[in-house]
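*Asks:* Prediction below, plus the sequence it came from.
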Amino acid sequence: MRFSVWPGLQQPWAAVLDEVQHAEATGWDGAYVADHFMGDGTGLGVVDAPTLEATAALAALAASTTRLRLGTLVLGNTYRHPAVLAKWAATVDHVSGGRLLLGIGAGWQENEHEQYGIELPPPGPRLERFEEACRVLRGMLRDGRTTVQGAHYRVTDALAEPKPVQDHLPLLIGGKGDRMMGIVARHADEWNMWGLADVIAERSALLERRCEALGRDASTIARSAQALVLLTDDRSAAETFLAGTGGRAAIAGTVDQVADAVAAWQEVGLDEVIIPDFTLGSGTRRLERLDAIIEQVSPNFR
């Protein structure tokens, strides 16, 4: 099982870089960034807090690390044209020496679309657009020329060179809805969602059914998940934290309790655990908590 960090981009660049370089030096496997222009006020991002842009941040991390796999959770299709995104992805794969995981999703956050004047279609058309985008991305990252004549995207004999360093740059799709799981089954190399083991197991079963209907081996799709983590020996603090997450997947307690959650994830077939830094404090305290996870939890699952 892989263990990766997720530094929030509502902090100074120096803090993001320090955390990711520390993770690389201490045995973590990867680092991810989210793709939002502002917070949504849910506790995972303050609406008016300064927010770094994801594609620029990841390109800088690619040039500032040597080993970590680097990914996005996840780039919003509503404001990332797939042909342009394919060019970005291939370039960053070269910058990183072949370490990019391209994470994409259909887009969802209302306030950033409203403020930036970007259309946010209803769920049905949004998923239709996203499925076409997956076809464009796969073609432009892997084929000599790409033609997709869809209702939303049209590329004609499109050239995209250079190709990525990786022969098969992995495409991660983030999502959990019934229709989205069909898109995952058709196009994804990896699948990601927020959730603890019980939710992952239920959605994984649906993914396997979708793959079976397409004649695809579901084991060819890697699976990752994340949850908020609060490390504490204070049971009351843990209970208060869990009650205040607004239904977001979360783990609170000791290192041993975190290990129990990871064991449950592993049992339902998870390949990668992603730890957001949002609830780990800041500065030295945050790094110490990351060290506790990688040193005391991860060895049991490598």
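*Replies:* All right, it came through fine. Numbering: from 1, shown residues only.
*Asks:* Helices of the protein, residue ranges please.
*Replies:* For the chain, applying DSSP state H gives helices covering 13-25, 54-64, 82-96, 110-116, 123-142, 178-187, 197-214, 235-243, 255-267, 283-296.
*Asks:* CA atoms only: put the fourth one into CSV for me.
*Replies:* Extracted as CSV, the C-alpha positions of helix 110-116 are listed here (Å, rounded to 0.1, in the frame of the first residue of the first chain):
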residue,chain,number,x,y,z
GLU,A,110,-20.5,26.4,-7.3
ASN,A,111,-18.9,29.6,-5.9
GLU,A,112,-15.8,29.5,-8.1
HIS,A,113,-17.9,29.0,-11.2
GLU,A,114,-20.2,31.8,-10.2
GLN,A,115,-17.4,34.3,-9.4
TYR,A,116,-15.3,33.5,-12.5
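*Asks:* got a pLDDT number for the residue nearest to residue 174 when sequence neighbours are not counted?
*Replies:* Of all residues not flanking residue 174 in the chain, residue 74 sits nearest, at 3.9 Å (C-beta to C-beta, 6 or more residues apart in numbering). Glycine gets a C-beta too; all of them are placed from N, C-alpha and C. With respect to pLDDT, residue 74 has a value of 98.
*Asks:* now residue 43
*Replies:* So residue 43 comes in at 69 (pLDDT).
*Asks:* hang on, the earlier thing: wait, the residue nearest to residue 174 touches residue 171, no?
*Replies:* No: when contacts are counted by C-beta atoms under 8 Å, residue 74 is not listed as touching residue 171 (10.4 Å).
*Asks:* who's more crowded, these two?
*Replies:* residue 74 (23 against 20; other C-beta atoms under 10 Å).
*Asks:* so who does the more buried one touch?
*Replies:* Shown in contact with residue 74 (C-beta atoms under 8 Å, 6 or more residues apart in numbering): 34, 35, 103, 104, 105, 172, 173, 174, 192.
*Asks:* if I pick the residue lying closest to the second one once chain neighbours are set aside, what's in contact with it?
*Replies:* Once its chain neighbours are removed from consideration, residue 35 has its nearest residue in residue 54; the separation is 4.1 Å (C-beta to C-beta, 6+ apart). Under the criterion of C-beta under 8 Å, 6+ apart, the neighbours of residue 54 are 9, 33, 34, 35, 36, 72, 75.
*Asks:* Closest one to residue 125 out of these, please.
*Replies:* residue 75 (18.8 Å; C-beta to C-beta).
*Asks:* That closest one: how many residues sit nearby?
*Replies:* 26.
*Asks:* wait, it sits on residue 101?
*Replies:* No: under the criterion of C-beta under 8 Å, residue 75 is not in contact with residue 101, lying 11.2 Å apart.
*Asks:* isn't residue 134 right next to residue 171, touching?
*Replies:* Yes: here residue 134 reaches residue 171: they are 7.2 Å apart, a contact under C-beta under 8 Å.
*Asks:* overlap in contacts of those two?
*Replies:* 104, 187.
*Asks:* In strands only, show me the contacts of residue 54.
*Replies:* Using DSSP state E, the subset of the contacts of residue 54 located in strands is 33, 72, 75.
*Asks:* quick one: the second one and residue 103, what's the gap?
*Replies:* In this structure, residue 72 lies at 4 Å from residue 103, with C-beta to C-beta, to the nearest Å as the measure.
*Asks:* Next up, the contacts around residue 287.
*Replies:* Residue 287 neighbours (C-beta under 8 Å, 6+ apart): 18, 19, 22.
*Asks:* Neighbour-wise, give me the winner out of those.
*Replies:* Highest neighbour count within those: residue 19, with 24 neighbours (other C-beta under 10 Å).
*Asks:* How much space separates it from residue 276?
*Replies:* Computed with C-beta to C-beta, the distance linking residue 19 and residue 276 is 11 Å.
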